[in-house]
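>>> I need the structure of the sequence given here:
(one chain, ligands or ions: 1)
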Amino acid sequence: MAWFSTPKAKDKNFNEDIWLSCPKCKKHIFKESWLQDHKVCPACGHHGKLTAWERIGITLDEGTFTELNSNIKPSDPLHFNDAKGSYKDKAAATREKTGLNESVVTGIGKINGIPVSIAVMDFRFLGGSLSSGTGEKILRAANYAYEKSVPLIIFSASGGARMHEGILSLMQMAKTCAGVARLNDRDIPFISVLTDPTTGGVSASYAMVGDLNLAEPGALIAFAGRRVIEETIKQKLPDDFQTAEYLVEHGFIDKIVHRKEMKNTLSQILSFYNR
Ligand SMILES: [Zn+2]
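Numbering: from 1, shown residues only. Model prediction:
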């Protein structure tokens, strides 16, 4: 039997325990195959979203990861409320649902034996938004890299600044950039990996200032959304605008790396820096 088949709308035999529909090509694929390939579609190569812990599992050597600063949680300095309720309640519900305290997991570990400080964002946590807590964790990951002279790796996945924290969220853009810029003083490499999606305040700060900026295939990478830009400049944008492929072509991203190649690519790059 093929690993995937053409979709049949309203197929009564579609068992969601066994099959799933690819979010991009819509072909039905074996769930087991999708998971074995770390959520990459065997039909079209679409890279699905990984949780922070899934990403850590496929990037770091088994048993080497130690989480740091896991106690940092969202604060609610503005006592923000909107029509759907309070930020405080929403953050508490998200923490309960995801098992995370913030939109990024940070810590130390090894990639093919090379020690690194690593930060991995999780889009499930309020759209991977950049909050004061997220910014603080990114800064501390950069500070650890600086103090211990180990490379810094950040995997980004974010819808941008967390609106519930207003200007305090935007301030994290400068704070995190200052933290990673300091690594230059000691020639410590910072590799940024942009995954789908990396947008808004994260794409406009630390995600784009790596010594090398890598991206996963097909990732949406943008500051403002397509519609906003088209309405502002009154022009139609190319179909592949804001994709990783478009940004490589135009010099914003250094390399696109398939998920199955990511760990070895990172270790090759880090070995080069270690010479
Ligand atoms: Zn597909």
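>>> and Pro77, helix, strand or coil?
coil (DSSP: H, G, I helix; E, B strand; the rest coil).
>>> can you tell me which residues contact it?
132, 165, 168 (CB atoms under 8 Å, 6 or more residues apart in numbering). (Each C-beta comes from the backbone N, C-alpha and C, glycine too.)
>>> of these, list those near the ion.
Applying CB under 5 Å from the ion to the contacts of Pro77, one finds that nothing falls near the ion.
>>> with those residues in mind, which one is nearest to the ion?
Distance to the ion across those (CB to the ion) is lowest for Glu165, with 35.9 Å.
>>> what's near enough to touch the closest residue to the closest one other than its chain neighbours?
Spatial nearest neighbour of Glu165, excluding adjacent residues (CB to CB, 6 or more residues apart in numbering): Ser131 at 5.4 Å. Counting by CB under 8 Å, 6+ apart, Ser131 touches 74, 102-103, 162, 164-165, 169, 172.
>>> Name the nearest of those residues relative to the ion.
Ser103 (26.6 Å).
>>> Just the pLDDT for the residue nearest to the closest one when sequence neighbours are not counted.
Counting by CB to CB, 6+ apart, Ser103 lies nearest to Phe125, which is 3.9 Å off, once chain neighbours are set aside. At Phe125, the pLDDT value in this model is 98.
>>> residues near Phe125, how many?
Neighbourhood size, Phe125 [other CB atoms under 10 Å]: 28.
>>> ok, now Gly251?
Gly251: 7 neighbours (other CB under 10 Å).
>>> what are the ranges of the strands in this structure?
4-5, 19-21, 28-30, 66-67, 81-82, 85-86, 104-111, 114-121, 152-158, 190-199, 212-215, 221-222, 255-256 (DSSP state E).
>>> winner for burial among those strands?
Ranked by mean neighbour count under mean count of other CB atoms under 10 Å, the strands of the chain are led by strand 152-158, which reaches a mean of 28.
>>> Taking the stretch 51-200 of the chain, what residue is nearest to the ion?
Per CB to the ion, the residue of the stretch 51-200 of the chain with the smallest distance to the ion is Asp196, at 13.4 Å.
>>> That residue contacts Phe155, correct?
No - counting by CB atoms under 8 Å, Asp196 sits too far from Phe155 to count as a contact (11.2 Å).
>>> What ranges does the stretch 151-275 of the chain have for its helices?
166-181, 200-203, 226-233, 244-249, 259-274 (DSSP state H, counting those that start in this stretch).
>>> Would you check how far apart Phe223 and Val193 are?
18 Å (CB to CB, to the nearest Å).
>>> sorry, back to before: please tabulate the contacts of Ser131 in JSON lines, including the columns distance to Ser117 and neighbour count.
Shown next, in JSON lines, are the contacts of Ser131 (distance: CB to CB, whole Å; neighbours: other CB atoms under 10 Å):
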{"residue": "Pro74", "distance to Ser117": "22", "neighbour count": "25"}
{"residue": "Glu102", "distance to Ser117": "16", "neighbour count": "29"}
{"residue": "Ser103", "distance to Ser117": "18", "neighbour count": "28"}
{"residue": "Arg162", "distance to Ser117": "23", "neighbour count": "30"}
{"residue": "His164", "distance to Ser117": "28", "neighbour count": "23"}
{"residue": "Glu165", "distance to Ser117": "25", "neighbour count": "25"}
{"residue": "Ser169", "distance to Ser117": "23", "neighbour count": "21"}
{"residue": "Gln172", "distance to Ser117": "18", "neighbour count": "26"}
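>>> Now tabulate those in CSV and tack on pLDDT.
Shown next, in CSV, are the contacts of Ser131 (pLDDT from 0 to 100):
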residue, pLDDT
Pro74, 96
Glu102, 98
Ser103, 98
Arg162, 97
His164, 95
Glu165, 96
Ser169, 96
Gln172, 98
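>>> ok, those vs Glu32, which is closest?
The shortest approach to Glu32 among these belongs to Ser103, at 29.1 Å (CB to CB).
>>> Return the distance of the residue in the stretch 101-250 of the chain that the ion sits nearest to relative to Leu139.
Residue nearest to the ion within the stretch 101-250 of the chain: Gly218 (10.1 Å; CB to the ion). Using CB to CB, one obtains 30 Å as the distance from Gly218 to Leu139.
>>> Appreciated, that's everything.
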